[in-house]
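Peer 1: here is my input, please return the structure:
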Amino acid sequence: MVLRRISRFYTGEEARDVLQEIFMRVIDKQSSFRDDSSPGTWLYALTTRYCLNRRRDERRRQELLIEHDRTACWSSAVQKERREQDVLLRELWRELDEELALIGLYYYLDGMSHAEIAELVGCSRRTVGNRLLELDGRLQGRVQGQ
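Peer 2: Take a look at the predicted model:
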């Protein structure tokens with residue numbers, strides 16, 4: 001289950017490295033497990049948060065490299081538009097609180113239902129729906145504000 005979740009973010013040897021890091025994290029964080037959810041739910045959420053944080057840190061390092069190396073040039077209009085979209089989504093992602101980012105990830109990337117997300121995040125299905133509306137509104141506001 002954990003490796004399958006990690007494979008949404010990483011592949012091959014890197015996925016196996018992350019798997020090892022996750023179980024090291026489980027050993028360190030086992031005291032944070034509460035009996036109000038199943039161990040599988042807790043492990044799934046821990047894995048998702050770890051992968052998201054790791055991806056965010058990787059992006060930050062990449063941005064620093066790009067910032068220092070301005071020699072890369074975008075030659076076509078398609079590449080330029082894609083880069084602008086990437087920047088827009090990256091900026092939006094940074095502004096999101098952890099719960100909203102997780103809900104968006106579970107819904108749009110993993111295709112989970114509102115009920116499944118509610119169980120993982122620890123809120124009601126209605127809250128999940130409201131948070132998705134908020135996420136959509138923020139994205140639309142960003143797109144229109146460009």
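Peer 1: please make it C-alpha for all contacts and neighbour counts, starting now.
Peer 2: OK.
Peer 1: quick one: name whatever helix or strand follows the lowest-mean-pLDDT helix or strand in the chain.
Peer 2: Within the chain, no helix or strand scores below helix 77-95, which has a mean of 67 by mean pLDDT, DSSP states H and E. Using DSSP states H and E, the helix or strand that follows helix 77-95 towards the C-terminus is helix 98-104.
Peer 1: what residues does that following helix touch?
Peer 2: Here helix 98-104 makes contact (C-alpha atoms under 8 Å, 6 or more residues apart in numbering) with Thr48, Arg49, Trp93, Ile117, Val121, Val128, Arg131, Leu132, Leu135.
Peer 1: distance from the helix or strand containing the first one to the middle of the chain?
Peer 2: Following DSSP H and E, the helix or strand that holds Thr48 is helix 39-68. Averaged C-alpha coordinates place helix 39-68 at 7 Å from its chain's average position (C-alpha atoms, centre = their mean, to the nearest Å).
Peer 1: and what of stretch 118-136?
Peer 2: The answer for stretch 118-136 is 15 Å, by C-alpha atoms, centre = their mean.
Peer 1: pull out the buried positions in it.
Peer 2: Ala118, Leu120, Val121, Arg125, Val128, Gly129, Arg131, Leu132, Leu135 (16 or more other C-alpha atoms under 10 Å).
Peer 1: cool, stretch 25-40 as well?
Peer 2: Val26.
Peer 1: that stretch - what's its average pLDDT?
Peer 2: Mean pLDDT, stretch 25-40: 82.
Peer 1: quick one: end-to-end length of that stretch, please.
Peer 2: Counting by C-alpha to C-alpha, to the nearest Å, you get 15 Å between the two ends of stretch 25-40.
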